[in-house]
Every structure is written in structure tokens, then in C-alpha cells.
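Chemist: Let me see the structure of the following:
(one chain, ligands or ions: 2)
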Amino acid sequence: MDQLTIIQPDDWHLHLRDEGALATTVPAAARCFGRGIVMPNLVPPVRNVAAATAYRERILAARPENSEWQPLMVLYLTDNTSADDIRAAHACAFVHACKYYPAGATTNSDSGVTDLERLDEVFETMQELGVVLQMHGEVTDPDIDIFDREAVFIDRHLVRIREKFPALKMVLEHITTEQGATFVRNSEGPLAASITPQHLLYNRNDMLVGGIRPHLFCLPILKRNRHQTALIEAATSGDSRFFLGTDSAPHPRHAKENACGCAGCYSHHAAIELYAEAFDRAGALHQLEGFASRYGADFYNLAYNRRKITLNRDPWTVPERIDYDGGELIPLAAGQALNWRLQN
Ligand code: NCD
Ligand code: ZN
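Modeler: Ligands and ions are numbered 1, 2, ... in the order given. This is a model prediction of the structure:
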């Protein structure tokens, strides 16, 4: 197969950042996606509908002319989120989910939740109203090895939350392990997972063997090869509980090439092309449309995009660097050859 036409995809997890960054991130999102779920981890975070409204306006101001790409907004849960905040989110047409970050788990998560059990009333209200809970599924206890944080989160927290709130719609964001994929697959009730291109294309050897590659450092961290294989199987299986979420998370080059480099991979320069590469390697291009364009919309109760996109087998080389917010960033797969190219 040398050409693939699919319903225009959506990205169910991305970071656009703010202000000067939007000139890079918003056109990149609009290049191929119909909609994007915009993560709320700004400083300060997007905690309520008023902040989401203002942020959405700034995003829309950066949208290319004639683009119909839509930002779908998310509220950031904190220890102080109330049931009223959830009711306001539910009443707002462009807020589509609330995101749980454990305090200190990842970039800009200092305002995150310190104790999950404090959120029971909030989860109760979300379940009742059908508001989607997105979870950064990692524990942050210092004694838990960074490679085990997702699996331990599932055992310590997710099992309990599923049992206590069986009808709560939840997405385990950016799963990185066999345990994550298996838990989602075996769950009854409304639980899905998003999967990033970096976790399909790479494992921790790519990041650590022969020298540390800071541009592959993201959270949850890349795991061993066995987990990469499990994620490829899940993404290409045709199981509608697994869908596209790039977690495209730009950081300026100097912040990643640093003695304490920050976490996040930028993939929106070539998001659908990177997924096409992974699906092609698995012999599963026929499953790309479901994963990229249908299953996420189904989960969020939204219509499919009306447009289509076409990918051609037409090898090209990913740029080594991209202008970003007055500086530059190093994109995922910089300098590497990709086989699939989006037709304009
Ligand atoms: C994200 C970021 O930079 O905002 N980083 C990352 O490594 N994925 C935060 C997140 O989604 O965890
Ligand atoms: Zn993210």
C-alpha cells in the first residue's frame, strides 16, 4: 500500500503551552488534526471555567486563517477542586474533561493532588454528570522506582477507583506498560487509554544506550522493550479502548539539554506520520483510522470529523530543529527518515 486515506484524526492529549509558544504549537496541531484535547498544566494551571475560557481565546487567536481545528479544554484538578467546579465544567460546551496529576509527578504538576482519596466527592459528581476523568497514572512516592510508577499506581489506586466509581468515564493517559494495556483491556466499564508515538516507536534502550538522549525523556518514562511490544499490540489491535494522544510537550532545547533536563517530547511536527510509521512496521496500517480518528471521538461522545486526510508513502527527513518561542526545540525523530508524508 502506498497511499492511505482516513477520516481526519484528533489528538486526545497535547500540550500547547501559552503566549509565544502558541505561534508554533497551534498551527502544528491544525496541520493535520481536527480537534485537540489541550492539557491544563500551565503556570498557574487552568483550574476553572474562567481560566479555560481565557486560555481558549488565546489559542484561537493563534489559529491559522481558514482553519477549523478546535481546542477542547480540560480543567486541572487540585486539592481544592469542588463539586461546583465540576458542575460548571459540565455546563461549559468546550470543557471536555478534568485531569488528575499527582503532585510533583511531571512538568508543572506542583499544584496537583496530594491525596487521591480527597477527591472522592469530586469523582462522585463527575460520575453522576458523565464528565471524563483523565489520569496521569503514576505514583510519586520516593521509594518507588521510576520505571514501576505506572504499575504501582494501577495496583494502589486505579483498582480502588474503578470499584468505587464503576460508571466514571476514565482515560489512563499515555500508558507506557504492559500492565497498563492489560488493565484497560480487562476492565469492565468506561475505561480507555491514550498512547503516544514515542512509546510505540522507542524503548528505554533508545534513550540510554550509547549516551543519554534528553529529547527522548518524557513522563511516564520510556520502558523496556517488552512494554513497547505490548503497547504496539494494544494500539494496532482494533480495540476501541486504545486511541491516539500524542502528549506532544514542547520544551526549548536549552531546558532539555541541561544538567536537570525537563520531561516531554515534541511530536506535532509529524504526529500522524510517526503513528503511520509505527502501524506500518506492525503491518497494521488498516487499523490506523480507528485508533486515530474514531475511537477517541466515540469515547468523548463527539461526531467524527467530516474531512479526510491522505498519507503517501514518500520518504522524507524530519528537521533537526524547529523555531520555538524565540528559540528552538528538537523535535521527536529529528534527522530521522520517515516513510509516510501527509498530503497537503
Ligand atoms: C508533559 C509536559 O511537559 O507538560 N511532559 C511529559 O513528559 N509528558 C507533562 C505530562 O504530560 O506528563
Ligand atoms: Zn501530557
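Chemist: From here on, just use CA atoms for contacts and neighbour counts.
Modeler: Noted.
Chemist: Phe33: neighbouring residues, count only.
Modeler: Residues contacting Phe33 under the criterion other Cα atoms under 10 Å number 24.
Chemist: I figured it hits Asp10, correct?
Modeler: Yes - Phe33 is within contact range of Asp10, at 4.9 Å (criterion: Cα atoms under 8 Å).
Chemist: Residues of the stretch 1-150 of the chain that sit close to ligand 1?
Modeler: By Cα under 6 Å from any ligand atom, the residues of the stretch 1-150 of the chain that approach ligand 1 are Thr106, Thr107.
Chemist: Run through the strands of the stretch 1-150 of the chain in chain order.
Modeler: All strands of the stretch 1-150 of the chain, identified by DSSP state E, counting those that start in this stretch, fall at 3-7, 11-14, 35-38, 70-76, 95-100, 132-135.
Chemist: how about those in TSV, adding mean neighbour count, distance to Val113 and mean pLDDT?
Modeler: TSV is the format used below for the strands of the stretch 1-150 of the chain (neighbours: other Cα atoms under 10 Å; distance: least, Cα to Cα, whole Å; pLDDT from 0 to 100):
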stretch	mean neighbour count	distance to Val113	mean pLDDT
strand 3-7	16	37	98
strand 11-14	26	19	98
strand 35-38	23	19	98
strand 70-76	24	9	98
strand 95-100	23	7	98
strand 132-135	23	11	98
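Chemist: want to throw these into CSV with distance to Leu172?
Modeler: Listed next are the strands of the stretch 1-150 of the chain as CSV, based on distance: least, Cα to Cα, whole Å:
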stretch, distance to Leu172
strand 3-7, 24
strand 11-14, 11
strand 35-38, 14
strand 70-76, 15
strand 95-100, 10
strand 132-135, 5
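Chemist: Look at Leu332 and give its secondary structure.
Modeler: Classification of Leu332 using DSSP: H, G, I helix; E, B strand; the rest coil returns coil.
Chemist: Which pLDDT value goes with Glu328?
Modeler: Reported pLDDT at Glu328 in the predicted model: 98.
Chemist: For my notes, confirm it occurs in a strand.
Modeler: Yes - under three-state DSSP, Glu328 falls within a strand.
Chemist: Tell me if I'm right that Pro197 and Ala276 touch.
Modeler: No - counting by Cα under 8 Å, Pro197 stays clear of Ala276, with 9.3 Å between them.
Chemist: and the closest residue in space to Thr246 that isn't next to it in sequence, what does it touch?
Modeler: Leaving out its chain neighbours, the residue that sits closest to Thr246 by Cα to Cα, 6 or more residues apart in numbering is Thr196, at 4.4 Å. Under the criterion of Cα atoms under 8 Å, 6 or more residues apart in numbering, the neighbours of Thr196 are His174, Ile175, Leu244, Gly245, Thr246, Asp247.
Chemist: I'd like the distance between His215 and ligand 1.
Modeler: 10 Å (Cα to the nearest ligand atom, to the nearest Å).
Chemist: Likewise for Ile161?
Modeler: 21 Å.
Chemist: Checking that residue next. Helix, strand or coil?
Modeler: Applying three-state DSSP: Ile161 is helix.
Chemist: count of residues packed around it?
Modeler: 17.
Chemist: restrict the contacts of Thr196 to those near ligand 1?
Modeler: Answer for the contacts of Thr196 near ligand 1 (Cα under 6 Å from any ligand atom): Asp247.
Chemist: just checking, which of the contacts of Thr196 belong to strands?
Modeler: Among the contacts of Thr196, DSSP state E puts Leu244 in strands.
Chemist: Looks like Cys32 contacts Ile272 (just checking).
Modeler: Yes - in this structure, Cys32 is within contact of Ile272 by Cα under 8 Å, at 7.4 Å.
Chemist: who touches both of the two?
Modeler: What both Cys32 and Ile272 touch, as defined by Cα under 8 Å, 6+ apart, is the set Leu342.
Chemist: Can you give me the end-to-end span of stretch 83-102?
Modeler: End-to-end distance of stretch 83-102 (Cα to Cα, to the nearest Å): 19 Å.
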